[in-house]
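In: A structural model of the following input is requested.
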Amino acid sequence: MKIQFFIFLINIILINLGFLVSFFIRYGLSFPEGNFSSYKNSFVFLTLIYLSALTVFGVYKSRFKSSWDLFKRGVSGLFLGTLLSVALVYVFRTRWGAFPTAVFIISFLVNILLIFKFNQLVLRLCGRIKKKILVIGEGNIEDITIGKADIKRIGTDNIENLTEITDIDEVIVCDIPEEKGMGFITCLAQKFKIDIIFSPACYVKLLPERINGNNLSHSLLTFIGRKREAEEVAMRILDIVGSIAILVLSLPVTILAAILIRLTSGRPVLYKQERVGKDGKVFTLFKFRTMINDAEKELGPVLATENDPRVTKIGRFLRDTRLDEFPQLINVLLGQMSLVGPRPERSYFVKRHKALMEIRLAVRPGLTGLAQVRNAYDLYPEHKIKYDYLYIQRRSLLLNLYILAKTIPVILLKKGQ
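Out: Residues are numbered from 1 along each chain as shown. Model prediction:
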């Protein structure tokens, strides 16, 4: 409580410091008396509004699961405080004078920096930015946990004891409990709004479970791949804006690629293939053709290898630079794919591994993904699936931006798949 009170008091100073810095940025050292008098007459009320808004969004909690959690709360509180403050000074403009709108906009940005960085520094020094994780079962979670965390473990036979645990941010399931236990976890997640993460080891158990007549994979689908509506909309906007930008910037290169394919190996320039998308919906995927015509006529559906003899010379260059994937931006714009996600599978492989693949179908397939930026072309399929499952559970706008940024050096250095 002392730490929160200390942060609260310093935030009073920082809010007003933010306004003074904003006046300096807007006007320099000579503040216009008429505009500045409006701030002097209203700063007490403005400070109370900002502090109240920050409190509403939980900026003065005793603990945060991550710096990102603290940042989101701070931005939300400052945004609400700015809107209410603008409304207040507008109502009392005849009494207090004109308050410059530009100062409000600048102070919003300045206060984000001042308040977030100060609060983050104090909370980190006091160990108050730390995720609390409950692990169910035995297993390695090093590839799943992100950042510092307090970890507590319980066995699958002690699921009922979860009712005694209240201060938890995330549950990691290493061993899949019985159907009754899964139902209990489901209710707990919905009641306390905590994240449920399944270890990649759990998915290995799904195939024999399906063979034995059980269908626990449907219980897993309750948790994975689904985000709040606002974040889903934000990720879709990123897909649309990003796809249009890449299509425009790459137009000269893609035209050249189409001409080279036509001159060296004939038609067709584009390769079309049915792939399975979100929720099992089949769609036509577009790529630049990189193999000889009728490459699968004799062998049937076969996964490509690093030195696949079916790949043409131009095709190998297109694969190394990932230019062959660029036509899939059309699939992204049509809503069949996303810029980031598991790579889309063919129906043949989905049918062969239905118990595992249906989990990957919980989200839109992607142009690039976590597996593609982490490893080389010949990474074993089971390892790629591990990264795909990790992405599906962690997917967010921030993670998508991170993967897209990491994809750039992968393309330039001709690594990954």
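In: per the record, what domains does this structure have?
Out: 2-125, 131-221, 229-412 (automatic domain parsing).
In: Which of these comes out lowest on mean pLDDT?
Out: Note on the domains of the chain: lowest mean pLDDT is at domain 131-221, with a mean of 64.
In: about what we covered before: same list, the domains of the chain, but as CSV with mean neighbour count please.
Out: Yep, even glycine has a C-beta here, placed from its N, CA and C like the rest. What follows is the domains of the chain, written out as CSV (neighbours: other C-beta atoms under 10 Å):
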stretch, mean neighbour count
domain 2-125, 17
domain 131-221, 15
domain 229-412, 17
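In: Model confidence at G225, what's the number?
Out: For G225, the predicted pLDDT is 55.
In: Return the residues in contact with the residue lying closest to K313 once chain neighbours are set aside.
Out: Computed as C-beta to C-beta, 6 or more residues apart in numbering, the closest residue to K313 that is not its neighbour in sequence is T264, at 7.1 Å. Going by C-beta atoms under 8 Å, 6 or more residues apart in numbering, T264 touches T312, K313, I314.
In: what about dumping the CA coordinates of stretch 392-407 to PDB?
Out: Only the C-alpha atoms of stretch 392-407 are listed here, as PDB (Å, rounded to 0.1, in the frame of the first residue of the first chain):
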ATOM      1  CA  ILE A 392      -2.000 -19.800 -31.500                       C
ATOM      2  CA  GLN A 393      -2.200 -19.500 -27.700                       C
ATOM      3  CA  ARG A 394      -0.100 -16.400 -27.500                       C
ATOM      4  CA  ARG A 395      -1.400 -14.600 -30.600                       C
ATOM      5  CA  SER A 396      -1.900 -10.900 -30.300                       C
ATOM      6  CA  LEU A 397      -1.500  -7.700 -32.300                       C
ATOM      7  CA  LEU A 398       1.900  -7.100 -30.600                       C
ATOM      8  CA  LEU A 399       3.100 -10.600 -31.400                       C
ATOM      9  CA  ASN A 400       2.000 -10.300 -35.000                       C
ATOM     10  CA  LEU A 401       4.000  -7.100 -35.300                       C
ATOM     11  CA  TYR A 402       7.000  -8.800 -33.800                       C
ATOM     12  CA  ILE A 403       6.900 -11.700 -36.200                       C
ATOM     13  CA  LEU A 404       6.400  -9.400 -39.200                       C
ATOM     14  CA  ALA A 405       9.500  -7.400 -38.100                       C
ATOM     15  CA  LYS A 406      11.500 -10.700 -37.700                       C
ATOM     16  CA  THR A 407      10.400 -11.900 -41.100                       C
END
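In: would you say the residue nearest to K313 is within a helix?
Out: Yes - assigned with DSSP: H, G, I helix; E, B strand; the rest coil, T264 falls within a helix.
In: now the helices for the stretch 101-250 of the chain?
Out: 101-125, 179-192, 200-204, 206-211, 217-221, 229-249 (DSSP state H, counting those that start in this stretch).
In: In the chain, which residue is most central in space?
Out: Closest residue to the average C-alpha location of the chain: S396 at 1.7 Å, with C-alpha atoms, centre = their mean.
In: does that one really touch E231, like I thought?
Out: Yes - using C-beta atoms under 8 Å, S396 is in contact with E231, at 6.4 Å.
In: Work out for me the element Y271 sits within.
Out: In the assignment (DSSP states H and E), Y271 maps to strand 270-276.
In: Can I get the helix or strand following that strand as CSV, trimmed to CA atoms?
Out: Heading C-terminal from strand 270-276, the first helix or strand you meet, by DSSP H and E, is strand 282-288. The C-alpha trace of strand 282-288 is given here as CSV (Å, rounded to 0.1, in the frame of the first residue of the first chain):
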residue,chain,number,x,y,z
VAL,A,282,-11.4,-24.9,-48.0
PHE,A,283,-10.0,-22.1,-50.1
THR,A,284,-7.9,-21.6,-53.2
LEU,A,285,-4.3,-20.5,-52.3
PHE,A,286,-2.3,-18.5,-54.9
LYS,A,287,1.5,-18.8,-55.3
PHE,A,288,4.0,-18.1,-58.0
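In: Tell me what angle strand 282-288 forms with strand 270-276.
Out: Taking axes from the mean of the first three to the mean of the last three C-alpha atoms, to 10 degrees, one finds that strand 282-288 is oriented at 150 degrees with respect to strand 270-276.
In: Which secondary structure elements does strand 282-288 sit against?
Out: helix 251-265, strand 270-276, helix 328-333 (3 or more C-beta pairs under 8 Å, 6 or more residues apart in numbering; DSSP states H and E).
In: how about the ones you listed, which one is nearest V56?
Out: helix 328-333 (37.3 Å; C-beta to C-beta).
In: re earlier: now tabulate the contacts of T264 in JSON lines and tack on secondary structure and distance to N11.
Out: Below are these laid out as JSON lines (DSSP: H, G, I helix; E, B strand; the rest coil; distance: C-beta to C-beta, whole Å):
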{"residue": "T312", "secondary structure": "coil", "distance to N11": "63"}
{"residue": "K313", "secondary structure": "helix", "distance to N11": "63"}
{"residue": "I314", "secondary structure": "helix", "distance to N11": "60"}
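In: ok, the residues you listed vs S42, which is closest?
Out: For the contacts of T264, the nearest to S42 is I314 (67.3 Å; C-beta to C-beta).
In: That closest one touches S265, doesn't it?
Out: Yes - the pair I314 / S265 is scored as a contact, 7.1 Å apart, by C-beta under 8 Å.
In: Confirm T47 sits in a helix?
Out: Yes - membership of T47 in a helix is supported by three-state DSSP.
In: Next up, the contacts around the nearest residue to it once chain neighbours are set aside.
Out: Leaving aside its chain neighbours, T47 sits nearest to I15 (5.4 Å; criterion: C-beta to C-beta, 6+ apart). Counting by C-beta under 8 Å, 6+ apart, I15 touches L46, T47, Y50, L51, N111, I115.
In: what's the farthest-apart pair in these?
Out: L46 and I115 (14.2 Å).
In: Look up how far T312 lies from L263.
Out: 12 Å (C-beta to C-beta, to the nearest Å).
In: do I392 as well
Out: From I392 to T312 the distance is 34 Å (C-beta to C-beta).
In: swap in S30?
Out: Applying C-beta to C-beta to S30 and T312 gives a distance of 69 Å.
In: again, but for L48
Out: The spacing between L48 and T312, counted by C-beta to C-beta, is 70 Å.
In: How about L29?
Out: 67 Å.
In: got it, and L70?
Out: Counting by C-beta to C-beta - L70 and T312 are separated by 52 Å.
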